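K.L.:
attaching a predicted model along with its sequence, questions to come.
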Amino acid sequence: MSFKDRENSILEYLSQNREATIEELCAKFFVSGPTIRRDLKALSESGKIIRTHGGAFLSSLPWESTPQELREKEFVYEKDIIARKCLDLINDGDTVMIDASSTGLQLIKLLSAKKSIILITNSAKASLISAKTGVKTFVSGGEASKSSFGYIGSFAEEFIRKFNADICFFSVSSLMPDGRLTDNSIDENQISKTMIECSKKSVLLLNSQKIGAPQLNTLCTLNDIDFVASEKDISDKFPNHKEKFI
């Protein structure tokens with residue numbers, strides 16, 4: 001089977017199963033691990049799939065958000081670096097708002113390193129983590145998002161507005177070269193906007209691979225936030241905002 005035929009078959013398989021491991025694809029198409037890895041690398045570089053540790057999943061359509069359970073498996077090492085950078089921005093006794101993004105979830109897991117923290121979040125998973133870490137947590141409730149395991153809608157927004165935070169952390173699907181922050185989910189963007197409005201400082205959680213094409217909805221611009229936390233220095237791409245990158 002040629003690469004082109006195998007490419008179409010891999011995409012068809014992922015469209016039906018959304019995610020697959022390398023071993024699964026090797027068995028499916030009767031090829032070696034190195035061959036499948038080369039195939040996945042090519043498909044990833046063309047933007048058709050997203051690589052994970054040990055496999056891949058199908059990229060979202062322009063109007064869709066990638067499911068949280070898949071995002072949590074992607075760029076785990078990078079998300080840990082970003083979360084640890086953000087932890088340095090939090091002081092003991094702070095009230096912290098964190099969205100339901102997968103990088104935000106990683107930061108929530110680290111909050112117990114600080115003293116007397118209060119967490120405000122729309123993450124449905126946060127209460128499970130807080131039960132183990134002992135961080136005082138308020139979870140919004142509201143309409144449950146099937147893609148983020150977070151709560152969205154007017155109920156969640158009204159809940160968040162009841163609090164005044166020292167700092168908030170949020171993520172988007174893409175940071176544009178012109179400084180616009182864009183995302184596929186208007187509802188989740190609205191939650192992030194509310195958190196920004198209710199916090200003294202705001203921090204964008206950004207994997208460096210998210211610099212690129214615009215998504216469905218614009219949340220705000222770099223002018224509207226205080227910091228950008230990435231796993232590596234990307235400040236040279238945004239010379240007018242270099243001081244915001246950590």
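P.N.:
Ah, there it is.
K.L.:
got the contact list for Asp39?
P.N.:
Asp39 makes contacts with Phe3, Arg6, Glu7, Ile10, Leu25, as judged by Cβ atoms under 8 Å, 6 or more residues apart in numbering. For glycine as for every other residue, the C-beta is placed from the backbone atoms N, C-alpha and C.
K.L.:
which ones among the residues you listed map onto strands?
P.N.:
Among those, no member falls in strands (DSSP state E).
K.L.:
show me which of the residues you listed are buried.
P.N.:
Arg6, Glu7, Ile10, Leu25 (16 or more other Cβ atoms under 10 Å).
K.L.:
pLDDT score for the third one?
P.N.:
Looking at Ile10, its pLDDT reads 87.
K.L.:
pretty sure it contacts Lys41?
P.N.:
No: contact between Ile10 and Lys41 fails when scored by Cβ atoms under 8 Å: they sit 12.0 Å apart.
K.L.:
mind listing the helices for the chain?
P.N.:
Secondary structure of the chain (DSSP state H): helices at 3-17, 22-29, 33-45, 68-71, 76-87, 102-110, 126-133, 154-160, 186-197.
K.L.:
count of residues packed around Ala42?
P.N.:
Look at Ala42: counted by other Cβ atoms under 10 Å, it has 13 neighbours.
K.L.:
quick one: low-confidence parts of the protein?
P.N.:
By pLDDT under 70, the weakly predicted segments of the chain are 47, 59-74, 213.
K.L.:
any idea how it splits into domains?
P.N.:
Listed by automatic domain parsing, the domain ranges of the chain are 3-59, 76-244.
K.L.:
same list, the buried ones among the contacts of Asp39, but as CSV with distance to Leu107 please.
P.N.:
Shown next, in CSV, are the buried ones among the contacts of Asp39 (distance: Cβ to Cβ, whole Å):
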residue, distance to Leu107
Arg6, 39
Glu7, 37
Ile10, 34
Leu25, 33
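K.L.:
how much space between the closest residue to Leu11 other than its chain neighbours and Thr121?
P.N.:
In space, and not counting its chain neighbours, Leu11 is closest to Lys48: 6.3 Å by Cβ to Cβ, 6 or more residues apart in numbering. Counting by Cβ to Cβ, to the nearest Å, the gap from Lys48 to Thr121 is 33 Å.
K.L.:
the more surrounded of the two?
P.N.:
More neighbours surround Thr121 than the other of Lys48 and Thr121, with 30 against 16 (other Cβ under 10 Å).
K.L.:
quick one, what contacts that one?
P.N.:
Thr121 is in contact with Met97, Ile98, Asp99, Ala100, Gly104, Ile108, Thr137, Phe138, Val139, Ser140, counting by Cβ under 8 Å, 6+ apart.
K.L.:
which residues does it form beta bridges with?
P.N.:
For Thr121, the beta-bridge partners under DSSP bridges are Ile98, Val139.
K.L.:
this completes my enquiry, with thanks.
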